[in-house]
Structures are given as C-alpha cells and as structure tokens.
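Asks: can't give you the sequence, but here's the structure:
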C-alpha cells in the first residue's frame, strides 16, 4: 500500500491515498482524497481504476500539486501483456470522483515477471523543481516493471493550473444561481457567498442574502465586510 500524501493548498488540507482492490479475478487501483474541515477528516472524493482491457492494475502511487491536480501512477499487466508502468490523473476543476485524463504509458514491459515477489513500494511526488512554476501538474514517479526492473520518470498532466478568479469592484458575473437560473441578476431569495483568503488567515466566508436586504444595506455590504476583516488583517501585519 502506498503511503498517503498530505497537501495544504492555501488553507485547504487534503490527503490523497491509493491501494489495490479486487476486480472480479483481476486487480484494480482504488484512490481517495480526504479533506479536513473543522478538525474532522472526511472523504471528499474517491474512485476505482479498472479498465475494460482484461488487465490487472495495482501498486499505485498518488500525489497532488499546489493547484489541486492529482496524478495517479500504477502497474498494469495481463495474460497478453508484460508488466508495464502507466499513469492517469485529474485536474482540480474536473467532476469529482473521476480520473478524467486518458491512461498514458510511462514504459512498456518487454519480459514476464518470474520472481515470486513484486516490488513493495511505488511512489509519485510533485515536481518541486519545475522551472518557474512548481504547481504546473509536473510529477516524478518510480516503479518496478517487467522482470524486476525499476523505472524513474517525470510526466506532466495536461491542463495545468486554472487561472485564479479576478474580483473587480463594481462588477460581478453570476455563473450559477438558485432561484432564477443564469439571468445575471441576484434575485430575491438568492444568496451570494463571498470568501476571503490571505496572509496566514484561515478562509473567511460569509453568505450575503442580497435579495432580502433593502438597497441601502446592499450598498454598504462591502464596508461592513471590511470592518469585520480589518481587526484580523491588522493582527497579521501589525
């Protein structure tokens, strides 16, 4: 079983885990992302890599970069294929519980495994030396393949990091709403959620029931938010 990987991405604490499970006479790779909320760890997403090619998949290694992209490497073999090393992955913006990137090959084995024991530990880690951007989906991995051979490889997931949202005073874009779908207006009964992350602060979130407030309260919402934030910001920089 691969040792878990811990990641703290700007206050979001995650642990990614993988292990081998049974799959109808074959082996499959199970993976999880756990997140910590208010000191409690829960499963945020999970999935199983099986494939419909009759091959077993086992001995995974999993890691997450600074943007929340996840890379998953594992071994693959079957009755008509030699032990090989492959990988898949997902971008942070992809639907939960899925490895959306196509399975890609690191090295195809060219010999059968004749030893009674397979290598105990595969590993995948983020590439912290990536020039200019250590969070661009680049990873290092190592694994046994073929007949007791070891491969060390570097690969990069497609997609990289999504651009950070740009917040501009006096303008807003609504991408999803609850009462009237995508009409570009904050209607009565709809809620706007504003989150702030900065310095060493934990994420700060307020739900603003915009549609239930008179116009003068809507106008001064930014002022009241700043007043609530100011003591915390002063504590961090003062």
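Replies: Done, it's in. Computed from a prediction, not measured in an experiment: that's the story for all the values here.
Asks: distance of residue 91 from residue 119?
Replies: Using C-beta to C-beta, to the nearest Å, one gets 29 Å for the distance from residue 91 to residue 119. For every residue, glycine as well, the C-beta is placed using N, CA and C.
Asks: ranges for the helices of this protein?
Replies: Per DSSP state H, the chain carries helices over the ranges 215-219, 221-237.
Asks: neighbours of residue 116, just the number please.
Replies: By other C-beta atoms under 10 Å, 5 other residues sit near residue 116.
Asks: chain neighbours aside, what residue packs nearest to residue 13?
Replies: Distance criterion C-beta to C-beta, 6 or more residues apart in numbering; nearest residue to residue 13, sequence neighbours excluded, is residue 36 at 4.1 Å.
Asks: mind listing what the one you found touches?
Replies: 13, 14, 15 (C-beta atoms under 8 Å, 6 or more residues apart in numbering).
Asks: between those residues, which has the most around it?
Replies: Most neighbours among the contacts of residue 36, by other C-beta under 10 Å: residue 14, with 19 neighbours.
Asks: so where's this protein uncertain?
Replies: Applying pLDDT under 70 to the chain flags the ranges 1, 120, 130-136, 160, 162-238.
Asks: now the strands for it?
Replies: According to DSSP state E, the chain carries its strands in the segments 5-9, 12-23, 26-37, 40-49, 56-64, 70-78, 81-90, 101-107, 123-126, 138-145, 149-156, 192-196, 204-208.
Asks: the ones you listed: which one's closest to residue 114?
Replies: Closest to residue 114 of the strands of the chain is strand 81-90 (C-beta to C-beta; 10.9 Å).
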